[in-house]
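Colleague: model the following, please.
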Amino acid sequence: MIILSIYYSYRRAFNAAADWCNWLITIFLVFNQVIKTCKKMGIQTVAVHSDVDSSAVHVKMADEAVCVGSAPTSKSYLNMDAIMDAIRVTGAQAVHPGYGFLSENKEFAKRLAAEGVAFIGPDTHAIQAMGDKIESKLIAKAAKVNTIPGFDGVVKTAEEAVKIAQEIGYPVMIKASAGGGGKGMRIAWNDEETREGFRFSSQEAASSFGDDRLLIEKYIDNPRHIEIQVLADKHGNALWLNERECSIQRRNQKVVEEAPSTFLDPVTRRAMGEQAVQLAKAVQYSSAGTVEFLVDSKKNFYFLEMNTRLQVEHPITECITGLDLVEQMIRVAKGYQLQHTQDDIPINGWAIECRVYAEDPYKSFGLPSIGRLSQYQEPLDLDKVRVDSGIQEGSDISIYYDPMISKLITYGATRAEALGRMEDALDNYVIRGVTHNIPLLREIITHPRFVSGHISTNFLPEVYPDGFKGHQLEADAKRELLASAAVLYIAAELRSAKVLGTQRDAAGVIVLQYLGTLFKVRVLSKLAAELNSYMPEKVSEDTSSILRSPMPGTVVAVSVKPGDTVAEGQEICVIEAMKMQNSLTAVKQAKVKSVHCKPGETVGEGDLLVELE
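Modeller: Numbers count the residues shown, from 1 in each chain. As a prediction, this is how the structure comes out:
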């Protein structure tokens, strides 16, 4: 995730008063929409970045740039002292929180207020009230918003978590009290999973938000994740801007979103919208925000959390309403009343967003991939396609931040039209240098269950119970692929040059992207094929006796030492990559022969961690 900090001053602003002209603002945002909005408004920008982001897109787009520290987030994007120093040096007078890190941090907002710096977002009361899942649930209950059954206090120990889970009844959701974005969340179906979930969730919460407090609530099986966008001003006016369907998730993080939802009827939509506005007014909310709900099969809906910031998926709301949410947030921060009433908010057409990640979708639906983008081409020449990105060809994807490459948004008069455009856009996206999740995205949006709207947050594990394997070719399609590869191989041999649109290695393997999936086809001459039968088969590595890192990351913990005996399923070590912790376990009972890693070390994908006898 490339976090963006921008300082800018108004040259003009929608019939604004003259005192806006030198109003300097700081923005923390992943993608470039805010810079584009600022330029549209005649606004000058300054990018704040970590040292590894010095060549990032937002840095090049801005008029100035300030480095606020080294790559680790604690030393840069979470370093309030460095950010405040940058604000003082540049004379910034206001801050837009953007998506992540300090965007929902009440202490940061308080420090800004103490310096006389405006915050483009809600006040500290609303941030604190909604940023804490325990307090927000109590406020939601008082505001007559439907809530999920659960424990409203802070869970202090693993054994206390087990007791509470038993009282609520399994399954339960263990999640961080502070923050969101899927970090610090675990589903537990029994006592042992509750103990493990408590440990990992508290560690992730401390790492991501600096707050390890947890809560536990009833897990609603097979729910839909549907959220309501709200917009409120400082004069008591508040609107709901329809819903976004965000049920396609992996590891509690959204992958595909759409607006509106295929599931909601007008009555349910209005009820959810009105409850979202009730909650916003209960905390005197002012700015754009999102109230998230879980919705069951009978259209019963329950408050999940409120995000007091701009959401990653906000562009699809902009598509169907015609509103620029960044512009609206800036206007509200200045003190203007909302320009619209509830009756002015339409649902005009359909919008889809796919989150393009630097991930390997064949590993747990997406383990992080790092590297340099050797080739990068966005499908911007297609009609009604929008790409919000913070990278370019040559950019490095590191282990330090979120693996998102871009947000790909398509719009159409109907859902079928928007999905058709998304399919074309994914087919025209070119990303090389890192593994990416476009094969999975394309399979999702063309799957009959998704097309029919029959989805839930369990979509991926239900549709792909054995994990994602890529597009499965039927006989005719396979013959077409093989024929194409053979033709390209012969053409390459004749020209002795690289074939446009294909990748080929020295052993005669051609890599083709077909229906979204990369297929490796080995092409041999007749003589080579005959001689190949005499080649000894390569002996596969005994993966039961070794543990290799499935992704690049940092070793958080090592639970064994040489000579220890481990049981099947016992944790051996924990790897953290892009703010998510992953427990690696033994696949059999064995004795530990050697350990090749230690806490704090950085490891690459495939690195040997532990050997077993």
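Colleague: what mean pLDDT does the lengthiest helix in the chain have?
Modeller: What stands out as the longest helix in the chain, according to DSSP state H, is helix 475-495. Average pLDDT, helix 475-495: 85.
Colleague: what does stretch 268-275 give?
Modeller: Rounded mean pLDDT across stretch 268-275 is 98.
Colleague: just the CA coordinates for it, please, in CSV.
Modeller: Listed next in CSV are the C-alpha coordinates belonging to stretch 268-275 (Å, rounded to 0.1, in the frame of the first residue of the first chain):
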residue,chain,number,x,y,z
THR,A,268,-34.4,-2.9,2.9
ARG,A,269,-32.1,-0.3,1.2
ARG,A,270,-34.1,2.6,2.8
ALA,A,271,-34.1,0.9,6.2
MET,A,272,-30.4,0.3,6.1
GLY,A,273,-29.7,3.8,4.9
GLU,A,274,-31.9,5.4,7.6
GLN,A,275,-30.2,3.4,10.3
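Colleague: now do the strand or helix carrying residue 529, average pLDDT.
Modeller: Assigned by DSSP states H and E, residue 529 belongs to helix 526-532. Throughout helix 526-532, pLDDT has a mean value of 83.
Colleague: contacts for it next, please.
Modeller: 508, 524 (Cβ atoms under 8 Å, 6 or more residues apart in numbering). For the C-beta atoms, the positions are set from N, CA and C on the backbone; glycine is no exception.
Colleague: can you name the element that comes right after that helix?
Modeller: That would be, after helix 526-532 and using DSSP H and E, strand 546-548.
Colleague: packing partners of the helix or strand following that next one?
Modeller: Note on strand 546-548: by DSSP H and E, the next helix or strand toward the C-terminus is strand 553-558. Judged by 3 or more Cβ pairs under 8 Å, 6 or more residues apart in numbering; DSSP states H and E, strand 553-558 is in contact with strand 571-577, strand 602-603.
Colleague: redo that, cut-off 6 Å
Modeller: strand 571-577 (3 or more Cβ pairs under 6 Å, 6 or more residues apart in numbering; DSSP states H and E).
Colleague: who does the strand it packs on touch, helix- and strand-wise?
Modeller: By 3+ Cβ pairs under 6 Å, 6+ apart, strand 571-577 packs against strand 553-558, strand 580-585.
Colleague: quick check: buried residues in the first one?
Modeller: For strand 553-558, burial by neighbour count (16 or more other Cβ atoms under 10 Å) applies to 553-558.
Colleague: and the last one, by the same measure?
Modeller: Neighbour counts using 16+ other Cβ under 10 Å place 580-582, 584 of strand 580-585 among the buried residues.
Colleague: output the below-cut-off pLDDT ranges for the stretch 451-600 of the chain.
Modeller: Flagging of the stretch 451-600 of the chain using pLDDT under 70 yields the residue ranges 496-506, 579.
Colleague: swap the cut-off to 90 and go again
Modeller: The model of the stretch 451-600 of the chain has pLDDT under 90 over residues 480-482, 484-545, 550-553, 568-569, 576-583, 587.
Colleague: what's the end-to-end length of stretch 118-136?
Modeller: From the first residue to the last, stretch 118-136 extends over 24 Å; the measure is Cα to Cα, to the nearest Å.
Colleague: hmm, who's touching stretch 168-177?
Modeller: Residues from elsewhere that reach stretch 168-177, judged by Cβ atoms under 6 Å, 6 or more residues apart in numbering: 132-134, 165, 184-189, 197, 201, 205, 213-219.
Colleague: show me what the mean pLDDT comes to for it.
Modeller: Stretch 168-177 shows a mean pLDDT of 87.
Colleague: just the CA coordinates for that stretch, please, in PDB.
Modeller: Once non-C-alpha atoms are left out, stretch 168-177 reads as follows in PDB (Å, rounded to 0.1, in the frame of the first residue of the first chain):
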ATOM      1  CA  ILE A 168     -22.200 -16.900  23.000                       C
ATOM      2  CA  GLY A 169     -22.100 -20.200  21.100                       C
ATOM      3  CA  TYR A 170     -19.800 -21.200  18.200                       C
ATOM      4  CA  PRO A 171     -18.900 -20.000  15.700                       C
ATOM      5  CA  VAL A 172     -17.600 -16.600  16.900                       C
ATOM      6  CA  MET A 173     -15.700 -13.800  15.400                       C
ATOM      7  CA  ILE A 174     -12.600 -12.500  17.300                       C
ATOM      8  CA  LYS A 175     -11.600  -9.100  16.100                       C
ATOM      9  CA  ALA A 176      -9.600  -6.000  17.000                       C
ATOM     10  CA  SER A 177     -11.400  -3.300  18.800                       C
END
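Colleague: what mean pLDDT does stretch 54-73 get?
Modeller: 83.
Colleague: residue 249 is in contact with residue 185, correct?
Modeller: No - with contacts counted by Cβ atoms under 6 Å, residue 185 stays clear of residue 249, the gap being 10.5 Å.
Colleague: where do the helices sit along the stretch 1-150 of the chain?
Modeller: Using DSSP state H, counting those that start in this stretch, the helices of the stretch 1-150 of the chain run over residues 33-40, 57-61, 80-90, 106-114, 124-131, 133-142.
Colleague: and the second one, what's buried?
Modeller: For helix 57-61, the buried set under the neighbour-count rule, 16+ other Cβ under 10 Å, comprises 57-59, 61.
Colleague: and the contacts of it?
Modeller: Under Cβ under 6 Å, 6+ apart, the answer for helix 57-61 is 4, 35, 47, 49, 65, 390, 392.
Colleague: what's the answer for the fifth one, then?
Modeller: Residues external to helix 124-131 that are found in contact with it (Cβ under 6 Å, 6+ apart): 104, 106, 109-110, 135-136, 139, 178, 283, 285, 306, 308.
Colleague: got the angle for that helix vs helix 106-114?
Modeller: Between helix 124-131 and helix 106-114, the angle comes out at 170 degrees (axes from the mean of the first three to the mean of the last three Cα atoms, to 10 degrees).
Colleague: which strand runs longest in this structure?
Modeller: Determined from DSSP state E, the single longest strand within the chain is strand 238-250.
Colleague: strand partners of that one, parallel vs antiparallel please.
Modeller: In the sheet, strand 238-250 lines up against strand 224-232 (antiparallel), strand 253-259 (antiparallel) (DSSP bridges).
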